[in-house]
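*Asks:* Give me a 3D structure for the following:
(one chain, ligands or ions: 1)
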Amino acid sequence: MNPFDVTVVGGGMVGATLANLLARAGFAVALVDAAGRPAWSDADPVGLRVSALSPGSAAVLTQAGAWDRVRAARHCPYRRMHVEDGQGEGLLEFEAAPFGLDLLGTLVENDLLCAALWDALGDPGPQGTRPEVFAPARVAEVAQDAAGTHCTLEDGQVITAGLLVGCDGPGSRVRRAAGIGGSAWSYNQHGLVAVVRKSRPNPGVAWQRFLPGGPLAFLPLSDGASSIVWTLPTREAQALVAADEHDFMEQLGAASDGWLGRVDSVGPRAAFPLGMHLGERYVAGRVILLGDAAHGVHPLAGQGVNLGLADVAALVETLVAQRSSGVDLADPRALARFDRWRRSETAMIAGGVHAIGALFRPGALALPRSLGMRLVNGSWTLREAFLRRAAGLGPNAPRLARGVTIPELAGAPA
Ligand SMILES: Cc1cc2nc3c(=O)[nH]c(=O)nc-3n(C[C@H](O)[C@H](O)[C@H](O)COP(=O)(O)OP(=O)(O)OC[C@H]3O[C@@H](n4cnc5c(N)ncnc54)[C@H](O)[C@@H]3O)c2cc1C
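*Replies:* Predicted coordinates:
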C-alpha cells in the first residue's frame, strides 16, 4: 500500500491547484516544489508576471480554495477585448454581456495566485487531510513499477505513491524521466513585460495590436495602469529591455498608436523567450504530465496557464470517477481517455494560436486578413464560439470549469 495516492511535482500555478483539489476530494497527496510559497505582499508594486485567467479557470481556482483569497487581495476583471491589425484595417471587438458572460477574464499576478494556492494548502480537507508539502525540495529521480511511483529528492528522501504528476514546467525533469518526447520549436521572439501608466487610465479593456514583429498587448490592472506583453524578435526585445526609459516610452507610445494617450511611466522590464512545445503523450504508465510540463503555447491569446488549469480539472474529474467506480487510479484505459481528451484540446488551441500568429507575420496578405477579421467581427456565431473557448467553457470543458463543486463531483451533497 502506497502512503500517498498522488505525488505532485511542481507547486507553480498548475501543481498547487492540483494538490489542493485532490486533497479536497479526499486523496492523500504529496507536493514537492523546488522553490516553495512565493513572497507576495499588497504593499509591493504589481509583479511583472501576470496572467489573464478565464472564467473557467476562476471556477477551478474557487474549488481549490484560492480564488476568494485572490479577490480579497488584488485582481482586475475585464469585460471588453479589442484586437486590431496594426498593418491593416482589421478589427475585432468582444464584450462579455451580450454573450451571457459576466466577464471575459481576470488579470492576476502569478505570484499572488501561487501564494493564495499555497495558503489554501493549509486548509483542512474532508477528514482533516492536507497535502504533505516537501519544499524547498528538488526532484532528482522518478521511477515507477507495477506497485507505484518512486520520487527521489536531491536530499535522498523517497516519496512513494500510486501516481506521480509532473507539473514542473517547460524544462520538466519528470517528462524526461518518463521518456515522453514531443515537438518543440522557438519563435525566435521574446515577450517583453512591464507595468505601464498612460496619460488616461486603462478603462478595463484587454487591448491588443498586431505589429510586424508580433502583438503588443495592454492588459488592465486594478489601479488604471496596464501590464504589457510586447512580442518582438529576440534582438529587438533585448535592445528594448536595455534601452533608456525615455527611448522605451517613445517606442512604446508609437507602437500603441496613441491608445490612451502618451506613456507617462514604466516600471522594471524583462523579456522571456517564446516557443511552442507539445508532448507526444501526457501519460506514461503511472506518470502524468500537466501544464507547461506537457505543453507550451505562444502567449498571444493568454491560454498557457488556462490550458494547464483545465488539465488539472480534467484529471481530478477522471480520478474521482475512477475512485467512485472502484477502478484503480492508474487504470490504463481511464488514463488513456484523459490523455486523448487533453491532447486533442491542447492541439486545437495551440494550432489556433499558432495560425493567428502566422496570419500577422510580415509577408502574410493584409487584405484577406482584414476581410477575415471583419467576417469574424460581423458573425455572432463565430465570435460566440471563439469567446466560449477562450472563456474555458467550450464543449469539452471539464465539469469543475463549468462550476461543478468538488462535493458534487464526488457525488456528495455540496
Ligand atoms: C510573457 C508571458 C505571458 C503569459 N501570459 C499568460 C496569460 O495571460 N494567460 C495564461 O493562461 N498564460 C500565460 N502565460 C503562460 C503561463 O505563464 C504558463 O503557462 C504558466 O506559468 C505555467 O505554469 P506551470 O505551473 O505549468 O509551470 P511553472 O510556472 O513553470 O511552475 C513549475 C514549478 O515546478 C517547480 N519545479 C521545477 N522543477 C522542479 C524539480 N526538479 N523539483 C521540484 N520542483 C520543480 C518550480 O519550482 C515551479 O514552482 C504567459 C507566458 C509568458 C512567457
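*Asks:* Against which helices or strands is the helix or strand hosting residue 354 packed?
*Replies:* Assigned by DSSP states H and E, residue 354 belongs to helix 332-359. Of the remaining helices and strands, those touching helix 332-359 by 3 or more Cβ pairs under 8 Å, 6 or more residues apart in numbering; DSSP states H and E are strand 270-279, strand 283-284, helix 304-324. For glycine as for every other residue, the C-beta is placed from the backbone atoms N, C-alpha and C.
*Asks:* Turn the ones you listed into TSV, columns for mean neighbour count and mean pLDDT.
*Replies:* Rendered in TSV, the data for these read as follows (neighbours: other Cβ atoms under 10 Å; pLDDT from 0 to 100):
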stretch	mean neighbour count	mean pLDDT
strand 270-279	18	96
strand 283-284	23	98
helix 304-324	24	97
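*Asks:* Dump these to TSV, plus distance to residue 375.
*Replies:* Supplementary listing: these in TSV, determined by distance: least, Cβ to Cβ, whole Å:
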stretch	distance to residue 375
strand 270-279	26
strand 283-284	39
helix 304-324	26
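*Asks:* Of all these, which one comes closest to the ligand?
*Replies:* Ranking these by distance to the ligand, with Cβ to the nearest ligand atom as the measure, places helix 304-324 first at 2.7 Å.
*Asks:* Distance from the chain centre to that closest one, please.
*Replies:* 14 Å (Cα atoms, centre = their mean, to the nearest Å).
*Asks:* any idea of the angle that helix forms with helix 332-359?
*Replies:* Here helix 304-324 points in a direction 170 degrees away from that of helix 332-359 (axes from the mean of the first three to the mean of the last three Cα atoms, to 10 degrees).
*Asks:* and helix 304-324 with the ligand, contact?
*Replies:* Yes: for helix 304-324 and the ligand, the contact criterion (Cβ under 6 Å from any ligand atom) is met by 304, 305, 306, 308.
*Asks:* Show me what from the stretch 151-300 of the chain comes close to the ligand.
*Replies:* Applying Cβ under 6 Å from any ligand atom, one finds that the stretch 151-300 of the chain approaches the ligand through 167, 168, 169, 173, 191, 193, 229, 272, 291, 292, 299.
*Asks:* between the helix or strand following the helix holding residue 354 and helix 332-359, how big is the angle?
*Replies:* Beyond helix 332-359 on the C-terminal side, the first helix or strand identified by DSSP H and E is helix 366-378. Between helix 366-378 and helix 332-359, the angle comes out at 120 degrees (the same axes, to 10 degrees).
*Asks:* Would you indicate which residues of helix 366-378 are buried?
*Replies:* In terms of neighbour count (16 or more other Cβ atoms under 10 Å), helix 366-378 has its buried residues at 369, 370, 373, 376.
*Asks:* thinking the last one is in contact with residue 384, fair?
*Replies:* Right, the one you point to is residue 376. No: in this structure, residue 376 sits apart from residue 384 without contact. The criterion is Cβ atoms under 8 Å, and the distance is 10.9 Å.
*Asks:* Contacts only, for the residue of the stretch 1-150 of the chain found nearest the ligand.
*Replies:* For the stretch 1-150 of the chain, the residue positioned closest to the ligand under Cβ to the nearest ligand atom is residue 12, at a distance of 2.4 Å. Going by Cβ atoms under 8 Å, 6 or more residues apart in numbering, residue 12 touches 33, 114, 167, 169, 291, 292.
*Asks:* ok but the second one is inside a helix, no?
*Replies:* To tie it back to what came earlier, the one meant is residue 114. Yes: the assignment for residue 114 is a helix, going by DSSP: H, G, I helix; E, B strand; the rest coil.
*Asks:* Number of residues surrounding it?
*Replies:* Residue crowding around residue 114 was assessed by other Cβ atoms under 10 Å; the count is 24.
*Asks:* Verify the stated contact: it with residue 39.
*Replies:* No: no contact is recorded between residue 114 and residue 39 when judged using Cβ under 8 Å, the distance being 10.2 Å.
*Asks:* any idea of the mean pLDDT in the longest strand seen in the chain?
*Replies:* Longest strand in the chain by number of residues, with DSSP state E as the criterion: strand 182-198. Mean per-residue pLDDT for strand 182-198: 95.
*Asks:* List the buried residues for that strand?
*Replies:* The neighbour-count check on strand 182-198 (16+ other Cβ under 10 Å) flags 187, 189, 190, 191, 192, 193, 194, 195, 196, 197, 198 as buried.
*Asks:* who's the second one bridged to?
*Replies:* Same thing as residue 189. residue 233, residue 274 (DSSP bridges).
*Asks:* dump the residue contacts of it.
*Replies:* The neighbourhood of residue 189, defined by Cβ under 8 Å, 6+ apart, consists of 213, 214, 231, 232, 233, 234, 237, 273, 274.
*Asks:* hang on, the earlier thing: out of the buried residues of helix 366-378, the closest to residue 260 would be?
*Replies:* The shortest separation between residue 260 and any of the buried residues of helix 366-378 is 21.9 Å, and it belongs to residue 373 (by Cβ to Cβ).
*Asks:* Count the neighbours of the closest residue to that closest one other than its chain neighbours for me.
*Replies:* Closest residue in space to residue 373, ignoring its immediate chain neighbours: residue 90 at 3.1 Å, by Cβ to Cβ, 6 or more residues apart in numbering. Using other Cβ under 10 Å, residue 90 has 24 other residues around it.
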